[in-house]
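Trainee: Sharing a model that was predicted from the sequence below.
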Amino acid sequence: MSNVTANEAGKPLVIDCRQVTRTYSEGPEKLTIFSDISLEVTPGETVAIVGSSGAGKTTLLNLLGGLDKPSSGQIEICGQNIHKLSEAGRARFRNRHLGFVYQFHHLLPEFSALENVMLPCVLGGLSPAQALPKAEALLGRVGLTERLRHKPGELSGGERQRVAIARALVNEPDCVLMDEPTGNLDQHTGEGIRALIEELRDQSGIAFIMVTHDMTMARSLGRVLRLEQGRLVQEV
């Protein structure tokens, strides 16, 4: 685990988001997606962000991942203000500290499951020989030992998401950001993904932040926050 800042209770922080606002210009007017949002996430914590379509959930996730910049406010990941880094610096930082899982798996179709999971390691500077055992071990942890050589088109929807989760974890990140990871899966397969996330969180100490419409999923995983009318509030 990287060096991280701490909150007032002395707990280390993986994510420290302070008074973040995101606005967009539409002609002469400014559209405020959300304003003055603050969020603290500790290692091994799972936070679900819920809200109606268009509330800005994915925008917030992109800000937390350094894929977009806030209009005002500050976001620190493991003590680093990611938005003060250069574009190349942010890419390196994301590769080392963050994992991403989307509703659509975004696996490379011409690569096998094993090659897809190895890729972040290779991009991070490891040789293929060094990346191979790490990828094999993770695919085993997500139950895909028998599917290493299969390409995405030969895998089920649930299997593809398991590959995507393994890829997100392979560089041992501090936090994994997930955008509707079960949105395209049936209930049974989605339940399997939920159980897998819980297991990986408990075993690894990695923090997970998940945007989801599935309230059952959200409440089963941990803290639930609702993004509504530009504010982030604790779900009761």
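Mentor: Cool, got the structure. What you are looking at is a predicted structure, and each value in this text was computed from that prediction instead of being measured. Numbers count the residues shown, from 1 in each chain.

Trainee: Nearest the geometric middle of this structure, what residue?
Mentor: Central residue check for the chain by CA atoms, centre = their mean: the C-alpha nearest the mean position is that of Leu177, 1.0 Å away.

Trainee: Figure out how far the helix or strand hosting that residue is from the centre of its chain.
Mentor: In this assignment (DSSP states H and E), Leu177 forms part of strand 175-179. Counting by CA atoms, centre = their mean, to the nearest Å, strand 175-179 is centred 1 Å from the centre of its parent chain.

Trainee: Stretch 216-233 now?
Mentor: 15 Å.

Trainee: now the end-to-end length of that stretch.
Mentor: The first and final residues of stretch 216-233 sit 18 Å from each other (CA to CA, to the nearest Å).

Trainee: Name the residues of it that are buried.
Mentor: Met217, Ala218, Ser220, Leu221, Gly222, Arg223, Val224, Leu225, Arg226, Leu227, Leu232 (16 or more other CB atoms under 10 Å). C-beta: built from backbone N, CA, C; applies to glycine.

Trainee: coming back round to it: OK, contacts around the residue nearest to the centre of the chain?
Mentor: Contact analysis of Leu177 by CB atoms under 8 Å, 6 or more residues apart in numbering lists Leu61, Leu64, Gly65, Leu98, Gly99, Phe100, Val101, Ile209, Met210.

Trainee: just Asp36 next, same as before
Mentor: Contacts of Asp36 (CB under 8 Å, 6+ apart): Gln19, Val20, Thr21, Gly73, Arg231.

Trainee: Near the closest residue to the last one other than its chain neighbours, how many residues? Count them for me, please.
Mentor: Leaving aside its sequence neighbours, Arg231 sits nearest to Phe34 (CB to CB, 6 or more residues apart in numbering; 6.9 Å). Here the number of neighbours of Phe34 (other CB atoms under 10 Å) works out to 24.

Trainee: mind checking how far Phe34 is from Arg194?
Mentor: For Phe34, the distance to Arg194 equals 27 Å [CB to CB, to the nearest Å].

Trainee: thinking again about what came up before, beyond the strand holding Leu177, next helix or strand please.
Mentor: helix 187-204.

Trainee: Quick one: residues in contact with that next one.
Mentor: Under CB under 8 Å, 6+ apart, the answer for helix 187-204 is 44, 46, 141-143, 156-158, 161-162, 165, 169, 172, 178, 181-182, 185, 206-208, 210, 214, 217, 220-221.
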